[in-house]
Structures are given as C-alpha cells and as structure tokens.
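J.: A predicted structure for the sequence below; I have some questions about it.
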Amino acid sequence: MFTRIVNGVEVVALLAVGVFLVLLFANEPEEAVPAPVGTTTVSDGAGAEGGDERVDGAAVFASHCARCHGAAGEGLTAPALFDGRVARAFPDVANQIAFVKAGGGGMPSFGSLLSDAEIEAVVRYTRDEL
C-alpha cells in the first residue's frame, strides 16, 4: 500500500514539473524588434535657418523603453513611470539621466546605445508626458 502512495506522489510530481516546463517555455517574449537606426527628430518649425531640431522623446521611449515600462509607462516587467512616479523617484533630472546612461537594479545601460540627446529627450518625456 505504501509503495502505491509513493508511486502516486512521484507521478504527480513529474506531472507538475512537466507543466512547469511547458509554461516556462510557452510564455517566451516575442522576438526582439531591432530599434530604428538613426535619431528621430522633430523640427520646431523655424526652418533651416536657426531652426532647432530636437529628439522625439516619445519615439525613443517607444523603441527602447516601452517593452519593459509599458507603452504608457504603466510598468510591465519594469517599474511604472506614469503619473509623476519617475520625477518622485529622481527629483534631480541629472540623477535620472545618469541612471539611464549607467543602468542598474535590473535596467540595462543605455549610455552606449543612445546619444546624450536621446537620453535627455526620453528622460524629459518620462517626466513631462507620462
């Protein structure tokens, strides 16, 4: 009788491991989409003479940050950034820029992937738009 109980427990344990493995590999994230090449800019409308081109922080966020932070900054696998949360976490803009460049706490470093203008634009977007 004891042997049958042990065998039953072994079968249940093996089934649990099998279900775990199936769920583990069935839930893989979609294949990464390569980020667009080049910097997305938005003109201020002043024309070629004296016109200032600035980086579109929303586009940088969409292509580099939204996968983890969510399209609206709602947080997916990374912390939520909307509703002023990022500004409360980083009262000093320079500290947030340094964090985005260096990474940390599970966030990758973007210092070698994005230009200084792109990092500043995405930081401004997370603080002012989300």
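T.: Noted; the coordinates are in hand. Residues are numbered from 1 along each chain as shown.
J.: what ranges do the helices span in the protein?
T.: 2-26, 57-64, 66-69, 85-89, 93-102, 116-128 (DSSP state H).
J.: Go through stretch 75-92 and flag the buried ones.
T.: For stretch 75-92, a neighbour-count test (16 or more other CB atoms under 10 Å) marks 78-79, 81, 85-87, 90 as buried. C-beta coordinates here come from the backbone N, C-alpha and C atoms, glycine included.
J.: Check stretch 9-22 too.
T.: Residues of stretch 9-22 classed as buried by neighbour count (16+ other CB under 10 Å): none.
J.: could you dump that stretch to CSV, C-alpha only?
T.: Provided in CSV are the C-alpha atoms of stretch 9-22 (Å, rounded to 0.1, in the frame of the first residue of the first chain):
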residue,chain,number,x,y,z
VAL,A,9,3.2,11.1,-5.4
GLU,A,10,6.1,10.6,-7.9
VAL,A,11,3.6,10.7,-10.8
VAL,A,12,2.0,13.9,-9.5
ALA,A,13,5.5,15.5,-9.0
LEU,A,14,6.6,14.6,-12.5
LEU,A,15,3.4,16.0,-14.0
ALA,A,16,3.9,19.2,-12.0
VAL,A,17,7.5,19.5,-13.3
GLY,A,18,6.2,18.9,-16.9
VAL,A,19,3.5,21.5,-16.6
PHE,A,20,6.0,24.0,-15.2
LEU,A,21,8.5,23.4,-18.0
VAL,A,22,5.7,23.8,-20.7
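J.: re the thing from before, dump the helices of the chain into CSV; add distance to S109 and mean pLDDT as well.
T.: Converted to CSV, the helices of the chain look like this (distance: least, CB to CB, whole Å; pLDDT from 0 to 100):
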stretch, distance to S109, mean pLDDT
helix 2-26, 28, 80
helix 57-64, 12, 92
helix 66-69, 14, 91
helix 85-89, 17, 89
helix 93-102, 6, 93
helix 116-128, 11, 93
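J.: Relative to F110, which of these is closest?
T.: helix 93-102 (5.4 Å; CB to CB).
J.: Right, I'll leave it there.
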